[in-house]
Structure formats: structure tokens, C-alpha cells
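Peer 1: curious how this folds, go ahead:
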Amino acid sequence: MPLMSRVFFQALFTAAMVPVAFAADEAAAASKTEPVLGLPTLHSIGMHWIIAGDANQNAQVRVTWRSGNGAWHEGQPLLRVEKDAQKPEKGHGSIDVPEGARLYAGSLLLLQPNMNYEIKLSLVDPDGGSLEKILKAHTAAEPTDPKGATVYHVAPGDGGSRGTAAAPFLGLKTAEKHAQPGTIFLLHAGTYPAETVFKQSGEPGQPIIWRAAGDGEVIFDGTAPKENADRLITASELHDVWFEGLTLRHADKGLVGNGSARIVVRGCHLSDVEYGIVVTRNEGDTVRGWFVADNVIEGISTWPRTKGIENARGIQITGEGHDICYNRIRGFADAIDTFPSPRCTDIDFHHNELTELTDDGMELDYSERNVRCFENRLTNVFQGISTQPVFGGPVYIFRNALYNVGHEPFKLHNSPSGVLIYHNTVVKHEEPISVQTGAPIRNSRMRNNLFIGHGGPYAFESSAKMKDCDFDYGGFGGGPWKMFLKWNNERYATPDEAKAKAPAWKHTVILDAAATFAQGTLPPADEKPIQKPMDLRLKTGSAAIDAGEVLPGVNDSFAGKAPDLGAYEWGAELPAYGPRK
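Peer 2: Next comes the predicted model:
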């Protein structure tokens, strides 16, 4: 059965557009196209709009939103995407901006799942011209079983039978002959063949579900009959198929789902794999709507880094409209990566527990716009979160906690454009934050981050040329440092000198590392020993409290006079990281 079209899939989310008002001078900013909603996720709604005119680039697209008939709230304005940044080499981009126009893009963040939202976009140009559009969207819901599903039982083996609990189907091939949309297969304990290829698709709201029955492990093991299978499960070019509660081990790849849509991988345990979940081919622009949650994925890499750059990846994914959340991933080069394809947009990575990663904790490389990485915890990572490159953005990196980062907390290499880094906490050995690249960083922003590190040449060091970048409201602790700041090849010896002369970090706060965290956490003296995930919430009286800037749509729930620096507002509960059960 062919995959459904992207247009029809978007209709499932009841996105609607209602024009409200128009009054624009041809010389001022005006709408070139109608605004477009991306595929919603559990907590986010992305959008973009192509705007003509505005030669002096002083127009703004303001965003307000409400749920149901509630009060209107202010969100982050849409980002004016850097000219031509969204036009990378052939095969990597999903949007074409006409000559003389600009792309604006952005997201509503931290929304509630399965809710109706109304979004007002207000184009305002001081030179004349205004336009309002109202969009209607519905956030995604966590997948739930279809009503009236047909339930069959399956056991290892080969043969017929009736699919009942007393007389289960023997083997997956026999069972799949009975697969129809809205079918649940309960897999009973035992070992099933490695390199199983699934071929039947469900329908939206009527998936085919392959689920552990709960009477013991359902194992796909690649060690027999040969040393290591290439892949354990193939679910490529399918849609609306779920895999739940399975054990996959001993293979090059655990589950491969290239070209597939609306696949659920939930509550599974993957181990001794070089690649956990692979969704990298998207030639037909069909990869969308994956839900990968509550899994444990364990690789073969060991901490500290001793083998250089390894290939091992926990999750590789491209496409759009995914939630990758509440997973426990350890022992890879990278835990989670985005991947180049005709579309890499509107993806959320959140509430993941990620440890022992010998290259990058997370790679958001090749993202286009509205990819969001938030409320993850990363521990024992060679480099933290990578954006090499981002094609115009925005890519949002916020409310993440990073402890024991060996090198760069944010890997802004290969000239990314449109990276927004808000409210993260970084604690590491030596320099709190450095960016070691000769390529420029463009149209990017940092706000309300907290960086703690033992010594090093600088508190913040960048060898990159910063082009249209705005970095401010940061907290720095630890030291001592030989100098405070290196920015666009200029050096500023002290925070006070930076505040007076530098184009960045005008509102820097210097912290006592020993008085920053409620648990008394300090930077590791050496990055090589394995560290446990740390509680990096703030201590009462810390200078990081009330030291941030208000960011509508990002930190609306701050409790004091102003938002606090770092991943956690003082007094807040820790988010849930990793599997919820």
C-alpha cells in the first residue's frame, strides 16, 4: 500500500488558515505566499512564511497564540532567516525562496499534547504595511491503541494455527499474512528470526501493532546463525506500524525504517548494536510522524574516547514531524542525529537521558528549520550538541543539562545559520565554552545559559567569525581564566572589559561555582572517569537566580523578578529523563 501524501497527512492535524486583515504598500513588506504550518509534535508547532519587500530588513512577524478560547499569549517572533541560507546543495532543502523575498520561520514551544491552538501572525513594517493571518492547528497526541482492534497471538516457530492464546500463529511470516489495519499481534516469549522484514502497512488511526505479550522477553538476536546480523528488523517504505516491548541485540543495525511514516518504536531494548534505529533514506519525502519513546538503546562504544571518531549511532533520523523522547541511550559515538534528505524539519528531541558518547551527544546537523532539542540530560560526552551545519533555522536548543563535556558544549561548525541556544546548563573540565572552527557562525543567538568550568585560557573562546550573532545574558563560573572572552579575534581580559567594549555578553554574571548548585556539584577534575548524571538545579542565593532575560514563549513561567540562568528555574522539579516505565 503506498504511503499517504504529505498534504493529506497535514490535514489529519486540522491545520487551517484564516486571513484577518491586509494593508500593505508595495514598497514595504508584504506576503509573498500564505504562511505554512509544519507537522505538529507533542509540544511544538512550527511555521514559516515567505515575505516580499522590506529591503531594509526592519519588518517583524510577531506571534501570539491561545488554546481554545483562552487568553492570548506572546510567543517568540519568527526568525528572519538569513538570505539564501535555506538553499543548500541539491537534495538537502525543501523550500525555495524567490528573489527579493525572505523566509521567516519559528515555533510555538512547550505546548500541551492533543490540544487545539489558534495562532496569530502579525507582519509589521515601520516603513508601512501590515498583515495578520490566523492559523489553527492541533498538537500531536501520544499513540493509543485503535478502537475495536483485532487481537492475535504469535509464538516462535513456523506454521499455521488460529492466532488464539491457546493456538497462536507460529512465526512472524505466518502472522503477517493476517495483518490488516487495526490489528494487534501479541508476541509471546522466545527468540524470533533476525533480519525479519515486515511488509504490511496499517492506516492512520488503524495501525498494525507488533507488541510483546508480557510473558517474557521477545528476542530478535543477531548472533545466530552467524556472528552478527546486518539488521534485526526492517520496516522500510511502510506506514502506520508499531513495535513495542521488543528486545533487539547483536547486530550492526537494530531497526531500519527508511522511507516510512508514522512508525512507533516504544518500550524496546536494543543492545550490542552499532546503529540502533536508522531512518536515513527519504528520497520520496515520505518520512514523517515517527514516535520513538521509552526505549533503552545501548551501543558498543566505551568511555573515555580512545578510538577517535566512531560510526556508532543510537538513532539517526530525517524527515519531519517526529517525537524522539524519554529514551535512555548510552555507548555510541552519537546518541541522536538528524540526517540530510529532501526535508529535515519540525522534529522534537526531548526528555532523553544520554551518556557515554564518544563524539557528539546529539547532532542536529543538516536541519533546516523548527528542529527542537529541549529538556535532555547529557553526561560523559566528548562534544555536546552539534549544529554543523544548520540551513537557516531556527533550530532551538533549550533547557538541556550537560555534565562532563570533554570539548565543545555546542559544536557550531560548518557555518550554521539560525541556531537559538537558550537556558542550558553546562558543567565541564577546563574552559566552560569554546568554539574551535574557522568557519563563520551566522544569525544565531544565545540567552540565559549557565557555563561552569575549571580554568582554561578563556571563559568563552571562539575562533569563528561571528556574523549577525547576539550572545548575551550568560552566567560563567569556575576559573581562573587567563582572559574572559575571545570574540571575532578580539580579546577582552575581564568581564567588566567585555561589558564595556565587546559586542557580546553585556549582561554577564560571574558565579561562585561552589555556591551555584543545590547539591554542591562541581566540575569534574578530569573528564576521563565516568560520571553519573547530576542534579544541576540552582542553590538558594545563587547569583544565577533572577539574572536572565525574559523570552516570551520560552520562560513565561519564571517565578521571581526575572528568569533564572540555566536549564532549571529555582525551586522547579527535575524533568523526567529516560523511560517513564
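
Peer 1: burial measure for residue 319, as a count.
Peer 2: Residue crowding around residue 319 was assessed by other Cβ atoms under 10 Å; the count is 28. Backbone N, C-alpha and C define where each C-beta goes, glycine included.

Peer 1: please report the distance of the closest residue to residue 521 other than its chain neighbours from residue 542.
Peer 2: Spatial nearest neighbour of residue 521, chain neighbours left out: residue 534 (5.0 Å); criterion: Cβ to Cβ, 6 or more residues apart in numbering. Distance of residue 534 to residue 542, given as Cβ to Cβ, to the nearest Å: 15 Å.

Peer 1: quick one: which of these two has more around it?
Peer 2: Taking neighbours as other Cβ under 10 Å, residue 534 and residue 542 compare with residue 542 leading, 24 against 19.

Peer 1: that one and residue 421, how far apart?
Peer 2: Distance of residue 542 to residue 421, given as Cβ to Cβ: 21 Å.

Peer 1: helices along the stretch 101-250 of the chain, start to end?
Peer 2: Assigned by DSSP state H, counting those that start in this stretch, the helices in the stretch 101-250 of the chain fall at 172-176.

Peer 1: tell me where the model's unsure across it.
Peer 2: For the stretch 101-250 of the chain, the stretches with pLDDT under 70 are 224-228.

Peer 1: ranges for the strands of it?
Peer 2: All strands of the stretch 101-250 of the chain, identified by DSSP state E, counting those that start in this stretch, fall at 101-108, 116-124, 130-138, 150-155, 169-170, 183-187, 190-192, 196-197, 208-212, 218-221, 229-234, 239-244, 247-256.

Peer 1: so which of those gets nearest residue 441?
Peer 2: strand 101-108 (18.3 Å; Cβ to Cβ).

Peer 1: buried ones in that closest one?
Peer 2: Within strand 101-108, the residues scored as buried using 16 or more other Cβ atoms under 10 Å are 101, 102, 103, 104, 105, 106, 107, 108.

Peer 1: repeat for stretch 121-130
Peer 2: Using 16+ other Cβ under 10 Å as the test for burial, stretch 121-130 gives 121, 122, 123, 124, 125, 129, 130.

Peer 1: and which of those is nearest to residue 299?
Peer 2: When the buried residues of stretch 121-130 are compared for distance to residue 299 (Cβ to Cβ), residue 121 comes out closest, at 42.6 Å.

Peer 1: and the closest one, bridged to which residues?
Peer 2: Beta bridges link residue 121 to residue 63, residue 133 when assigned by DSSP bridges.

Peer 1: which residues touch it?
Peer 2: 35, 47, 49, 61, 62, 63, 78, 132, 133, 134, 135 (Cβ atoms under 8 Å, 6 or more residues apart in numbering).

Peer 1: how close does the nearest residue in space to the last one that is not next to it in sequence sit to residue 77?
Peer 2: So the one you mean is residue 135. Excluding the flanking residues, the one nearest residue 135 by Cβ to Cβ, 6+ apart is residue 119, at 4.4 Å. For residue 119, the distance to residue 77 (Cβ to Cβ) stands at 13 Å.

Peer 1: and stretch 507-517, average pLDDT?
Peer 2: Confidence over stretch 507-517 (mean pLDDT, whole number) is 96.

Peer 1: next: stretch 74-88.
Peer 2: 89.

Peer 1: stretch 455-465 too?
Peer 2: What stretch 455-465 shows for mean pLDDT is 94.

Peer 1: which parts of that stretch are buried?
Peer 2: Buried residues in stretch 455-465, counted by 16+ other Cβ under 10 Å: 456, 458, 459, 460, 461, 462, 464, 465.

Peer 1: take the residues you listed and write them to a markdown table, including secondary structure.
Peer 2: What follows is these, written out as a markdown table (DSSP: H, G, I helix; E, B strand; the rest coil):
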| residue | secondary structure |
| --- | --- |
| 456 | coil |
| 458 | strand |
| 459 | strand |
| 460 | strand |
| 461 | strand |
| 462 | strand |
| 464 | coil |
| 465 | coil |
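
Peer 1: ok, residue 282 - contacts?
Peer 2: 258, 259, 318, 319, 341, 342, 343.

Peer 1: rerun that using 10 Å as the cut-off
Peer 2: Going by Cβ atoms under 10 Å, 6 or more residues apart in numbering, residue 282 touches 91, 258-260, 288, 317-320, 339-344.

Peer 1: how about the nearest residue to it once chain neighbours are set aside, phi and psi?
Peer 2: Leaving aside its sequence neighbours, residue 282 sits nearest to residue 341 (Cβ to Cβ, 6+ apart; 3.6 Å). Torsion angles at residue 341 (phi, psi; degrees, to the nearest 10) stand at phi -170, psi 180.

Peer 1: pull the number of nearby residues for residue 341.
Peer 2: 24.

Peer 1: these two touch, right, it and residue 285?
Peer 2: Yes. With contact defined as Cβ atoms under 10 Å, residue 341 reaches residue 285; the gap is 7.8 Å.

Peer 1: A helix includes residue 514, no?
Peer 2: Yes. Counting by three-state DSSP, residue 514 is part of a helix.

Peer 1: tell me where this protein has helices.
Peer 2: Remark: helices assigned in the chain by DSSP state H are 6-11, 172-176, 495-501.

Peer 1: just checking, what packs against the longest one?
Peer 2: The reference is to helix 495-501. The contact analysis (3 or more Cβ pairs under 10 Å, 6 or more residues apart in numbering; DSSP states H and E) places helix 495-501 against strand 458-462, strand 483-487, strand 490-492, strand 509-511.

Peer 1: so for residue 159, which of these sits nearest?
Peer 2: Across the helices and strands packed on helix 495-501, residue 159 has its closest neighbour in strand 458-462 (64.6 Å, Cβ to Cβ).

Peer 1: name every strand pairing with that closest one and say which way it goes.
Peer 2: strand 433-435 (parallel), strand 483-487 (parallel).

Peer 1: ok, back up a step: give me the phi and psi for the residue nearest to residue 521.
Peer 2: The phi/psi pair for residue 534 (degrees, to the nearest 10) reads phi -110, psi 150.

Peer 1: test my guess that it contacts residue 428.
Peer 2: No. Judged on Cβ under 10 Å, residue 534 makes no contact with residue 428 at a distance of 11.5 Å.

Peer 1: mind listing the shared neighbours of these two?
Peer 2: Listed as contacting both residue 534 and residue 428 by Cβ under 10 Å, 6+ apart are 402, 403, 404, 524.

Peer 1: possible to save the residues you listed as TSV with distance to residue 306 and pLDDT?
Peer 2: Shown next, in TSV, are the shared contacts of residue 534 and residue 428 (distance: Cβ to Cβ, whole Å; pLDDT from 0 to 100):
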residue	distance to residue 306	pLDDT
402	21	98
403	21	98
404	16	98
524	18	96
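
Peer 1: just to revisit the earlier point, who wins for proximity to residue 360 among the strands of the stretch 101-250 of the chain?
Peer 2: For the strands of the stretch 101-250 of the chain, proximity to residue 360 was assessed by Cβ to Cβ; strand 247-256 is nearest, at 19.4 Å.

Peer 1: the closest one packs against which elements?
Peer 2: strand 190-192, strand 218-221, strand 229-234, strand 261-266, strand 269-279, strand 296-298, strand 313-317.
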